[in-house]
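S.K.: What follows is a predicted protein model with its sequence.
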Amino acid sequence: MGPTIVIFCLGFASLVNGELLIQGSNQNVMEGDRVTLKCSYSENGFNISRVTFESYSGFLQMWRPVWYGSSWCFYNMKVEQRGDEMVLEVPHIAYFSEGVFRCVSDDPSLSLPNNVSNTFSLKVHYLRDMYLSREGSISLLGLSQELRVRQGDDVVLKCSATSSEEPNFYWSKEDGDWIMPSAMLTLNQVTPMDSGVYTCNAEQPTMMLNKSRNISLVVLPNNISWFQTNAGKFMLMTSMGVIITSLFLLVAMGVYIQRRKKQVIKIPSDDKPQTKPIYKDSMEALHSNCGDKQPLVTV
């Protein structure tokens, strides 16, 4: 759990009696830190319990109360009164909790501008999972830890990451003496000398957050079978997936047709003459079983 961070904005306007203040520090906040906002009056004598926190919704273009308590998306943030202060605590701040905040009082003895505090912006920084891909290939899950290609192929690797701002990327090779400051690494007509472990480093510039991802490049001889490369394996897996899906659909359709045939019921046409007699005893038994108590009428 990160250290307690208190965020505030005092503003530069001169203070007047009853003005609301929101206190803290102007440090940047990292995702997962504990954040505490404190709101108080510049003078005592006003009811602090009537103060609430609000955040500005850019989507709705309006101020709205900060929801807290059982709301899972705010990580159990809570608001409570502590002496002459109203305190908002977020145990683990997340990126969707950032924005512009203020304090508002509904004390009837106050009016604008004394019942509204200054505004401040809360920025949450983060650098999460990294993703490696190869230009010209399709993979929903990205590249594995090993990439197998044939000699003479062109290999273009791309590095990306989930971050609060665009990170800086750097490529390097194990035991190499170079660094490529780019998200793209291009290797033209690879040879066995290009085999090795390559590392992509991502750096979030504001908070100096760092993450890295390794990939082992294996350059195979020209006479190797195409399906022994990663691209070949992907094509085979895709083809097998299509074949299996098609077989499954065919089997399901056959089962459906068979069941439909079994459910067909032949109903005799009403315009055909009655060829068999209907006995009174059997009709009485039928009416008895069906709960029909009406008398049997014979013609």
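M.R.: Received the coordinates, thanks.
S.K.: Let's test this: mean pLDDT of stretch 28-42, rounded?
M.R.: For stretch 28-42, mean pLDDT is 88.
S.K.: How far does it stretch from one end to the other?
M.R.: 26 Å (CA to CA, to the nearest Å).
S.K.: Let me know the helix or strand that the closest residue to residue 100 other than its chain neighbours is in.
M.R.: Leaving out its chain neighbours, the residue that sits closest to residue 100 by CB to CB, 6 or more residues apart in numbering is residue 56, at 4.3 Å. Quick note: C-beta positions are derived from backbone N, CA and C, even for glycine. Taking DSSP states H and E as the definition, residue 56 sits inside strand 51-57.
S.K.: before we move on, the earlier item: please verify my assumption that the residue nearest to residue 100 contacts residue 98.
M.R.: No - using CB atoms under 8 Å as the test, residue 56 is too far from residue 98 to be in contact (11.2 Å).
S.K.: ok, the two, which is more surrounded?
M.R.: residue 98 (18 against 15; other CB atoms under 10 Å).
S.K.: ok, the more buried one - contacts?
M.R.: Residue 98 is in contact with 29, 121-124, counting by CB atoms under 8 Å, 6 or more residues apart in numbering.
S.K.: any chance of the residues you listed in JSON lines, with secondary structure too?
M.R.: Formatted as JSON lines, the contacts of residue 98 follow (DSSP: H, G, I helix; E, B strand; the rest coil):
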{"residue": "29", "secondary structure": "strand"}
{"residue": "121", "secondary structure": "strand"}
{"residue": "122", "secondary structure": "strand"}
{"residue": "123", "secondary structure": "coil"}
{"residue": "124", "secondary structure": "strand"}
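S.K.: Top of those residues by number of neighbours, please.
M.R.: Going by other CB under 10 Å, residue 29 tops the contacts of residue 98 with 22 neighbours.
S.K.: average model confidence for the top strand by length along the chain?
M.R.: Across the chain, the strand with the greatest residue count (assigned by DSSP state E) is strand 209-220. Per-residue pLDDT over strand 209-220 has a mean of 93.
S.K.: So in that sheet, which strands flank it, and in what orientation?
M.R.: Here strand 209-220 has these sheet partners by DSSP bridges: strand 146-150 (parallel), strand 196-204 (antiparallel).
S.K.: Where among the ones you listed is average confidence lowest?
M.R.: strand 146-150 (a mean of 89).
S.K.: Now the helix or strand following that strand - C-alpha only, PDB.
M.R.: Moving toward the C-terminus from strand 146-150, the next helix or strand (DSSP H and E) is strand 155-163. Presented in PDB, the C-alpha positions along strand 155-163 are these (Å, rounded to 0.1, in the frame of the first residue of the first chain):
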ATOM      1  CA  VAL A 155      11.100  -9.300 -39.000                       C
ATOM      2  CA  VAL A 156       9.400  -6.100 -37.700                       C
ATOM      3  CA  LEU A 157       8.500  -6.200 -34.000                       C
ATOM      4  CA  LYS A 158       6.200  -3.600 -32.300                       C
ATOM      5  CA  CYS A 159       6.100  -2.900 -28.600                       C
ATOM      6  CA  SER A 160       3.100  -1.200 -26.800                       C
ATOM      7  CA  ALA A 161       1.900  -0.800 -23.300                       C
ATOM      8  CA  THR A 162      -1.100   0.400 -21.300                       C
ATOM      9  CA  SER A 163      -0.100   3.700 -19.800                       C
END
